[in-house]
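Visitor: kindly return the folded structure for what I paste below:
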Amino acid sequence: MSTQVKWLFVFFINLLIISCNEKEHIENTNIDEQNLNNTELAYPNKSGEIKKGYYLGVPVTYEVIDDQYIIDGDIILPKNQVYSSMENVILQPGQKSSSKRSAGITYGKWPNNTVYYSIDPNLPSKHRATEAIQHWQNNTNLNFIERTNQPNYIYFYRGSGCSSSVGMQGGKQEISLADGCPTGAAIHEIGHAIGLFHEQSRTDRDNYVLIHEQNIIPNSKYNFYTYFDRGYRGQENTTFDFNSIMMYHPYSFSKNGNPTITKLNGELYQSQRDGLSNLDIQGINKMYPATGTDGETPTYTNGLWYTVQGLRVYRYHDLWWVKDNNGQWLQVVYRDNQWYYA
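Guide: Numbers count the residues shown, from 1 in each chain. Down below sits the predicted model:
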């Protein structure tokens with residue numbers, strides 16, 4: 001082989017390597033774009049202080065940005081339900097609270113399958129909110145009605161990112177839609193507002209996905225806790241759904257460009273923000289059946305954990321119990337908008 005041919009061969013090999021590297025770079029760029037579009041964030045490109053406290057009577061790790069308490073990237077915690085200690089969550093008999101406390105968490109299902117809403121007049125591209133509302137209206141048993149003077153409602157406004165609280169909170173409940181939040185993100189955030197968690201937050205998620213902690217941004221690992229770990233009460237109404245509009249992107253909160261979530265066999269999946277999946281609709285209509293009611297008196301089964309008035313409690317012999325830091329069971333009672341040790 002002549003020297004000229006050898007150099008020509010080397011040139012084509014180098015060209016092939018450069019081409020592959022460019023292709024890899026393009027693919028990683030596409031991944032980053034998808035990651036941005038399919039991982040809703042309350043404050044994109046902004047980080048805050050990571051704090052620990054108590055929410056619903058259990059330890060919680062959250063991020064504080066612009067005086068908002070955030071988990072999972074786009075879920076806003078009600079500040080009046082987050083405590084630095086359990087001091088004023090459960091009081092001794094006869095003790096008076098040293099701080100004001102909410103009458104209890106009201107988040108949950110919207111009564112009569114009806115969600116009242118209002119849209120800020122200054123929200124750009126209002127069609128994102130109206131199209132998302134119409135999508136929910138067309139595909140579920142929920143009825144969305146523009147608010148007149150109803151006390152409990154969701155409020156769409158122009159914020160720093162895409163965010164919402166989980167379930168009905170009571171009062172004005174904000175859904176943030178920054179300019180970069182498309183209609184699909186609005187559909188996703190409404191999902192939180194009516195009571196949906198992220199799909200990968202299910203208690204049975206380890207039967208379907210692998211969470212690759214080594215690839216997660218260190219201060220973002222708390223975003224991958226299950227809802228039970230956070231003290232929420234929930235249930236799985238369908239099988240695990242990789243196509244759910246509530247599912248994280250495989251590269252969400254990646255620190256190194258490698259996936260943070262994969263299928264059990266290590267394969268990637270495709271996340272989407274086109275609309276509610278078939279299983280989303282099935283599960284939501286199970287949460288909100290066609291015969292919606294104004295809220296029935298809850299019934300409690302012995303041997304199960306519940307979140308009642310802001311505290312994670314265990315039902316046993318028709319009484320409420322909690323565990324202290326030493327693992328000892330203590331009976332508690334709820335009266336006058338406050339939990340007390342019995």
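
Visitor: for the residue nearest to residue 220 when sequence neighbours are not counted, give me its contacts.
Guide: Leaving aside its chain neighbours, residue 220 sits nearest to residue 253 (4.1 Å; criterion: CB to CB, 6 or more residues apart in numbering). Placement of C-beta: from N, CA and C, glycine included. For residue 253, the residues meeting the contact criterion (CB atoms under 8 Å, 6 or more residues apart in numbering) are 39, 73, 216, 217, 220, 223, 224, 260.

Visitor: and which of those residues is nearest to residue 160?
Guide: Distance to residue 160, by CB to CB, is smallest for residue 73 among the contacts of residue 253, at 12.4 Å.

Visitor: what about that closest one, neighbour count?
Guide: Burial of residue 73, expressed as a neighbour count using other CB atoms under 10 Å, amounts to 21.

Visitor: tell me the contacts of it?
Guide: By CB under 8 Å, 6+ apart, the residues touching residue 73 are 39, 40, 41, 42, 220, 223, 252, 253.

Visitor: at 7 Å instead, please
Guide: By CB atoms under 7 Å, 6 or more residues apart in numbering, the residues touching residue 73 are 39, 40, 41, 42, 223.

Visitor: was I right about the last one contacting residue 70?
Guide: No - if you go by CB atoms under 7 Å, residue 223 and residue 70 don't touch, sitting 9.1 Å apart.

Visitor: between these two, which one's more packed in?
Guide: residue 223 (25 against 21).

Visitor: and what about the more buried one, helix, strand or coil?
Guide: For residue 223, the assignment made with DSSP: H, G, I helix; E, B strand; the rest coil gives helix.

Visitor: measure it to residue 136 for me?
Guide: Computed as CB to CB, to the nearest Å, the residue 223 to residue 136 distance reads 25 Å.

Visitor: can you check residue 334 too?
Guide: Residue 334 sits 34 Å away from residue 136, taking CB to CB as the criterion.

Visitor: tell me which of those two has more neighbours.
Guide: residue 136 (23 against 16).

Visitor: which SS class is the more buried one?
Guide: Of the three states, residue 136 takes helix under three-state DSSP.

Visitor: element containing the closest residue to residue 146 other than its chain neighbours, please.
Guide: Setting aside the residues directly before and after it, residue 146 is nearest to residue 117 in space (CB to CB, 6+ apart), at 6.3 Å. When secondary structure is defined by DSSP states H and E, residue 117 falls within strand 114-119.
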